[in-house]
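> what follows is a predicted protein model with its sequence.
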Amino acid sequence: MERAGTEPDRNRRFPSDRYRAKGASGAFPHGNILWDCTAILDKKTRDRILELGGIKAICLSHPHFYTGMVEWSEALGGVPILLHQADLAYVTRPSAHIQPWQGDRHDVLPGIALHRLGGHFEGSSVLEWQGGASGKGALLVGDTIHVVAERGWVTFMYSFPNLIPLPAREVRRIADRAVEIRFDRIYGPWRDKFISSNAKDSVARSAERYIRLLES
């Protein structure tokens, strides 16, 4: 088990011992959160999560991770699924466990908050962990802010498979919203997609480059 704020290892553990590509469970002081769950839930994973105390909520960054959310909720005891109101049209399996939220911020637990940044989807969100990075703050970003191969840089996309960029005005708005959040580290959706420090500067610098090239 890795202590909160330490560098992620090859299994991308944070801050407990559960992180898988496109699916993460974090053990926080006031309860566990499941972030961007995978489509498939097996018994071994379910049992391990329950051993760790279960989860308080399922939080999803955008509709590409909606596939198995109801199955996860039901398997873990009817856990609330927090989805932004703007993306409810993409829900294909309605459930009483889905709890929509509105606006640009939703507090999940003490020290844990969802922030709608938009862009990739209208309701695309990030999860703020205020105690992450040794108290400097961390963001779990899904595809809302995408960590790229070049260390210390990110990008912003409307469609990844079709390589459709976001307009400059959207990137500027996302960057302005990110400035309002206190964070030093970013966890992306894959094992090697993270920025361990100075992540807020990385987002601002990347947005500036993106906008400059689009408008040149």
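Nice, thanks for sending it over.
> next, the contact list for residue 186, please.
Neighbour list for residue 186: 138-139, 141, 145, 147, 154, 194-195, 199, 202-203 [criterion: Cβ atoms under 8 Å, 6 or more residues apart in numbering]. In short, each C-beta sits where N, CA and C put it, glycine included.
> ranking helices and strands of this protein by mean pLDDT, which lands last?
Ranked by mean pLDDT, DSSP states H and E, the weakest helix or strand in the chain is strand 19-20, scoring a mean of 34.
> on that earlier part again, from the contacts of residue 186, pick the one nearest residue 184.
The closest of the contacts of residue 186 to residue 184 turns out to be residue 199 (Cβ to Cβ; 5.9 Å).
> excluding its backbone neighbours, what's nearest the closest one?
Nearest non-adjacent residue to residue 199, counting by Cβ to Cβ, 6 or more residues apart in numbering: residue 186, 4.2 Å away.
> cool, residue 152 as well?
residue 202 (5.0 Å).
> does that neighbour touch residue 151 like I think?
No. Look at residue 202 against residue 151 with Cβ atoms under 8 Å: they stay out of range, at 9.1 Å.
> more neighbours: those two, which one.
Ranked by neighbour count (other Cβ atoms under 10 Å), residue 202 and residue 151 place residue 202 first, with 19 against 11.
> still on that earlier bit, so what sits against both of residue 202 and residue 151?
In contact with both residue 202 and residue 151: residue 195, using Cβ under 8 Å, 6+ apart.
> tell me the buried residues in the longest helix seen in the chain?
When the chain is parsed with DSSP state H, its longest helix is helix 199-215. Using 16 or more other Cβ atoms under 10 Å as the test for burial, helix 199-215 gives 199-200, 202-203, 206-207, 210-211.
> now it: mean pLDDT?
Across helix 199-215, the average pLDDT comes to 97.
> per-residue pLDDT, residue 31?
Residue 31 carries a pLDDT value of 89.
> what about the spatially closest residue to it that is not a sequence neighbour, neighbour count?
Closest residue in space to residue 31, ignoring its immediate chain neighbours: residue 56 at 3.7 Å, by Cβ to Cβ, 6+ apart. The tally of other residues near residue 56 (other Cβ under 10 Å) stands at 17.
> residues contacting residue 56?
Contacts of residue 56 (Cβ under 8 Å, 6+ apart): 30-33, 79-80, 108-109.
> wait, which of the residues you listed is closest to residue 160?
When the contacts of residue 56 are compared against residue 160 (criterion: Cβ to Cβ), the nearest one is residue 33, at 24.5 Å.
> wait, the closest one touches residue 113, no?
No. Applying Cβ under 8 Å as the test, residue 33 and residue 113 come out as separate, 10.8 Å apart.
> now stretch 166-185: buried residues?
In stretch 166-185, counting by 16+ other Cβ under 10 Å, buried: 166, 168, 170-175, 177-178, 181, 183-185.
> pLDDT added to those, as a markdown table?
Output for those, formatted as a markdown table (pLDDT from 0 to 100):
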| residue | pLDDT |
| --- | --- |
| 166 | 97 |
| 168 | 97 |
| 170 | 97 |
| 171 | 98 |
| 172 | 97 |
| 173 | 97 |
| 174 | 98 |
| 175 | 97 |
| 177 | 97 |
| 178 | 97 |
| 181 | 98 |
| 183 | 98 |
| 184 | 98 |
| 185 | 98 |
